[in-house]
Structure formats: C-alpha cells, structure tokens
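Undergrad: predicted model follows, preceded by the sequence.
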Amino acid sequence: MADPVSSVPDVLAAELACVFCGINPGRVSAAAHAHFANPRNDFWRLLHDAGFTPRLYRPSEQFELRALGYGLTNAAYRTTPGSGDLRRGDFDGSRLEAMARELRPRAIAFVGKEAYRGAFGERPELGLQPRVLTETALYVLPSTSPANAAVPYDERLRWFRALREWLEQEQREAVRALVVDARRRVLLLRWETHEGLWWITPGGGIHDGEEVEPALRRELLEEVGLAGFELGPLVHERTHSIPWGVGFVRQHERYYLVRVESPAVRPTIDLTAENVAGHRWWTAEELAATDERISPPNLADLLASH
C-alpha cells in the first residue's frame, strides 16, 4: 500500500488489534508530526486510563503503540485549523477499506463521530457499528478534542473502556463447510441479521468439549440434511466479527471442503430460530459478480481454486 502524503505519519502494521482513526491533523499535531499532539487533547490520557497502555505515553512515542497491538491514522490527511475547515473531498473511505483489506486490523476505532461521518457519509451512534470493512469491525468513540469539552471526561472514558473490553472478549469457535457439488457450485444459506442479509456457508459454533469433525457433521445434518459424507481438507481459516443477537461477537472459523453429487437440501431442524431462510447453489463466476454480501468474502477465489 503506497504511503499517502500527510503531515502526521500513519502508525500501522499488519493484524493489529485496533487502529485509532482521528478526523485530521490539527496545526499542533502537524508541527509535531504526531497524532493528538495538542496538550489539551485527552486522547493519550484516555488511552492510559482505559487500560490500553501501561503508562501515559507522549505523542512522540506514538510508534511504540504497535508493540501493544495498536495503530493510528486519520480519516482526512489535510491539516486545518479545525475540523470544520475540512471539505468532503478531503475524506477517502476507500483508503480505509484498502487498509482493512491489506493489513487486517481487528477493529478501526474512530475518535469522534465526525471522523466516521466524513469517511462514510453516515451519521453514527457511539459504539460498535453495523458496517464492517471486509473482516474489520468499526467502532465510534467520543471525540477527545478540547472542542468536545462539553462531554465529561468520565463519559468519554466509559466508551474507551467499553472498546477495550470488546477487543478482549472471548472468542467463539466455529466450523464451516464449503459444500461443493459435481457442477462445482457451492451451497450457501440465506442469513438475515440486524446488520442485513448475508449468504453464508453451512456450519456453526463448536459446543464445549466437542471436536471439530463431529461438530461439522452435526451442523451439516441439522442445516442441510447431509450425512455420511467424506470430510475434505481444511481450506480456509479466519477470525472476524459477526452479527450476534443485537450486537457482535468475535468468531474463529475453520472451513473444510466437502464434495457431494448434488443432494436435496433438507434441514433436520427449524432454522428460522437462527434467522436462516432459504439456500442457493452458487458458481465461482456468480460469486465474483454479485453485489450481495458473501461470507467469507474470498469465497469466489476459494471455490475457483478447489
């Protein structure tokens, strides 16, 4: 990814736990070549008080955050006296999408609603957002700017602590199958969530004490009515955030190849309780061309290579 021009350098690395995204560099930060360098900005104090850092870091120590699993960037790169001087063209949401795709942070946390709004043109609420970038969750924090002094420090700290707790949440283990028929089509289930409609591979969570293969056989019997199949190789593995109830959960998924002729899909349980309604067989070409949301997002490539 080409380094963009900015008065304040990005602090990035692959697979960070969280990248904090400010709105743009102010004049103090631009002069210091450091994020949140205005001494009246509470970002670094909030980061420490919320438990992200073991001590209070100085803006000049920004690159040390990467060793703790955190990064820094801005939604807009142009330096202005205040965020109100920004124009719509200063924001580039596609740059954040590319960062999420290439560097795969677990989350991007926008420091202030206007940073998120500038990037995506949507007015957000504080907290976890329904939008995701590939497999990266998006979170909105209160602004730490002195211009946001009307919001009490304790209230801003509450949201920073909520983010840290979300990042440290326990991981759900799951197993899924690429069920591929003789015509090289893959079976997907239609899953409706509070975040919208997705097409997903069959599978689900692994119960406590359950092994991977028995879990997958149970899930395929329940969701597809498939039994007596030969389990193929592990073809994909990922950890990401998925819609769950009214919120989200971190899920570690393993995907196995299962080849079949072209069986009828006859679930053995009522899937409506899991918000699954319907199924469809997809070709790799259909997956690559669709605008519908597919999980995992690289499924077209996986199907084409297997």
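TA: Structure's in. What do you need?
Undergrad: domains for this protein, by residue range?
TA: In terms of domains, the chain is parsed into 18-167, 172-305 (source: automatic domain parsing).
Undergrad: pick the most deeply packed of those.
TA: Most buried of the domains of the chain, by mean neighbour count (mean count of other CB atoms under 10 Å): domain 18-167, with a mean of 18. For every residue, glycine as well, the C-beta is placed using N, CA and C.
Undergrad: and residue 233, what element?
TA: strand 231-244 (DSSP states H and E).
Undergrad: what helices or strands is that strand leaning on?
TA: strand 127-133, helix 212-223, strand 247-259 (3 or more CB pairs under 8 Å, 6 or more residues apart in numbering; DSSP states H and E).
Undergrad: can you redo those as CSV with distance to residue 114 and mean pLDDT?
TA: Conversion of the helices and strands packed on strand 231-244 to CSV gives the following (distance: least, CB to CB, whole Å; pLDDT from 0 to 100):
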stretch, distance to residue 114, mean pLDDT
strand 127-133, 14, 86
helix 212-223, 43, 97
strand 247-259, 23, 87
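Undergrad: which one of the ones you listed lies nearest to residue 182?
TA: When these are compared by CB to CB, strand 247-259 sits nearest residue 182, at 8.1 Å.
Undergrad: angle of that closest one against strand 231-244?
TA: 160 degrees (axes from the mean of the first three to the mean of the last three CA atoms, to 10 degrees).
Undergrad: can you pull the contacts of residue 285?
TA: Residue 285 sits next to residue 300 when contact means CB atoms under 8 Å, 6 or more residues apart in numbering.
Undergrad: and after the helix or strand harbouring it, which helix or strand comes next?
TA: Element membership of residue 285, judged by DSSP H and E, is helix 284-289. Downstream of helix 284-289, the first helix or strand assigned by DSSP H and E is strand 294-295.
Undergrad: partners of that next one, with directions?
TA: Next to strand 294-295 in the sheet, as set by DSSP bridges, lie strand 196-200 (parallel).
Undergrad: which strands and helices lie in contact with whichever helix or strand comes after the strand it pairs with?
TA: Sequence order places strand 203-205 as the next helix or strand after strand 196-200, per DSSP H and E. In terms of contacts (3+ CB pairs under 8 Å, 6+ apart), strand 203-205 is packed against strand 172-180, helix 212-223, strand 247-259.
Undergrad: what mean pLDDT does strand 203-205 have?
TA: On average, the pLDDT along strand 203-205 is 95.
Undergrad: how about residues contacting it?
TA: 172-177, 215-216, 219-220, 223, 251, 253, 255, 274.
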